[in-house]
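Chemist: got a sequence here, can you build the structure:
(one chain, ligands or ions: 1)
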Amino acid sequence: MASSLPSSTAIKRNLPSENLNENQPKRNHWSAGLSTALDDEGARVHKDELCTVIKDKYPKARIHLLVMPNEYIANLKSINNTHLPLLKHMLKVGKEVAEKIAAKADARGSFAHFRYGYHAIPSMSLLHMHVISQDFISDSLKTVCIYIYIVAIQIVPLVKLTKASPTSDVVDLKVGEPFEISFDVGGKEAPKVQLTKDGKEVKFTSVEGTRHVYSIPEVKPEHQGVYKLTAKNKLSTEETNVALNVTGN
Ligand code: AMP
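Modeler: Model prediction:
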């Protein structure tokens, strides 16, 4: 590996977003190579109704796959909440395909462990999720520039929201009874978490690590309402509701 880092001009790339109309694939531009690869049966290792998995043409590790949606999505900037099932599916399929390949190769150690993610600044147009084994053994890994490229692959994890209590979405309590809702909210890209009651923000009673708790020692009629928890990071938004009904003694 070279002893000094390349200058910023050395690693500057013309990005697809600078060259392309993001709504339209431009098949004759180098950065549209993945659109061509998508149709190449030789490069393909999996295809289903939603996504296609191909081998990276210039792999940066022993297993390096690209998972792409079948529908044209230019890049991460073009996605919204409606794409969440698709992104979850791509992650699931990427894991399954990589693990199958690793099992076939009797992979061990870093060769059998994968990083999944989207390059923060992609060079290629067409949304693609990298699935890359952690050995980074490859003939394509020749320069510091490419090493930086690997390190720069950013995983933007989905929000993981789990309601710990109550177990049902509707709670019926009498005046004076205690009420508590607690949620675990995860995601490496820390999600912004907000609790509202009937649309108005309320403060959590306690937040410790991923656990968010809201509690009322003795409920009153005015506590009745719909409590909604929203957890949001760059890639996804998760929501859950608890309706509290308060009746007299
Ligand atoms: P990114 O920097 O996230 O846009 O990564 C693009 C990836 O696509 C790189 O890892 C390249 O090695 C890979 N690549 C470029 N052209 C092709 C192609 N025609 N077929 C498959 N992979 C490609």
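
Chemist: strand partners of the top strand by length along the chain, parallel vs antiparallel please.
Modeler: The strand that spans the most residues within the chain, counting by DSSP state E, is strand 237-247. In its sheet, strand 237-247 lies beside strand 170-174 (parallel), strand 225-232 (antiparallel), with partners assigned from DSSP bridges.

Chemist: need the ones you listed in JSON lines (columns: mean pLDDT).
Modeler: Formatted as JSON lines, the entries for the strands paired with strand 237-247 read as follows, by pLDDT from 0 to 100:
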{"stretch": "strand 170-174", "mean pLDDT": "95"}
{"stretch": "strand 225-232", "mean pLDDT": "92"}
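
Chemist: which parts of the longest strand of the chain are buried?
Modeler: Within strand 237-247, the residues that qualify as buried are 237, 238, 242, 244, 246, counting by 16 or more other Cβ atoms under 10 Å. C-beta here means a position set from N, CA and C on the backbone, and glycine is covered the same way.

Chemist: ends of stretch 122-129, how far apart?
Modeler: The distance separating the two terminal residues of stretch 122-129, taken as Cα to Cα, to the nearest Å, comes to 10 Å.

Chemist: now stretch 215-226: buried residues?
Modeler: Neighbour-count burial for stretch 215-226 flags 216, 219, 223, 225 (criterion: 16+ other Cβ under 10 Å).

Chemist: next one: that stretch to chain centre, how far?
Modeler: Relative to the chain's own centre, stretch 215-226 is displaced by 35 Å; criterion: Cα atoms, centre = their mean, to the nearest Å.

Chemist: could you dump that stretch to PDB, C-alpha only?
Modeler: In PDB, the C-alpha atoms belonging to stretch 215-226 read as follows (Å, rounded to 0.1, in the frame of the first residue of the first chain):
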ATOM      1  CA  SER A 215     -45.100   6.300  32.600                       C
ATOM      2  CA  ILE A 216     -48.000   7.800  34.600                       C
ATOM      3  CA  PRO A 217     -48.200   6.600  38.200                       C
ATOM      4  CA  GLU A 218     -52.000   7.300  38.400                       C
ATOM      5  CA  VAL A 219     -54.000   8.000  35.300                       C
ATOM      6  CA  LYS A 220     -56.600  10.700  35.100                       C
ATOM      7  CA  PRO A 221     -59.300  11.200  32.400                       C
ATOM      8  CA  GLU A 222     -57.100  13.800  30.600                       C
ATOM      9  CA  HIS A 223     -54.400  11.100  30.000                       C
ATOM     10  CA  GLN A 224     -56.800   9.300  27.600                       C
ATOM     11  CA  GLY A 225     -55.700   9.500  24.000                       C
ATOM     12  CA  VAL A 226     -53.500   7.900  21.300                       C
END
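
Chemist: of the buried residues of stretch 215-226, which is the nearest to the ligand?
Modeler: When the buried residues of stretch 215-226 are compared for distance to the ligand (Cβ to the nearest ligand atom), residue 225 wins out at 45.4 Å.
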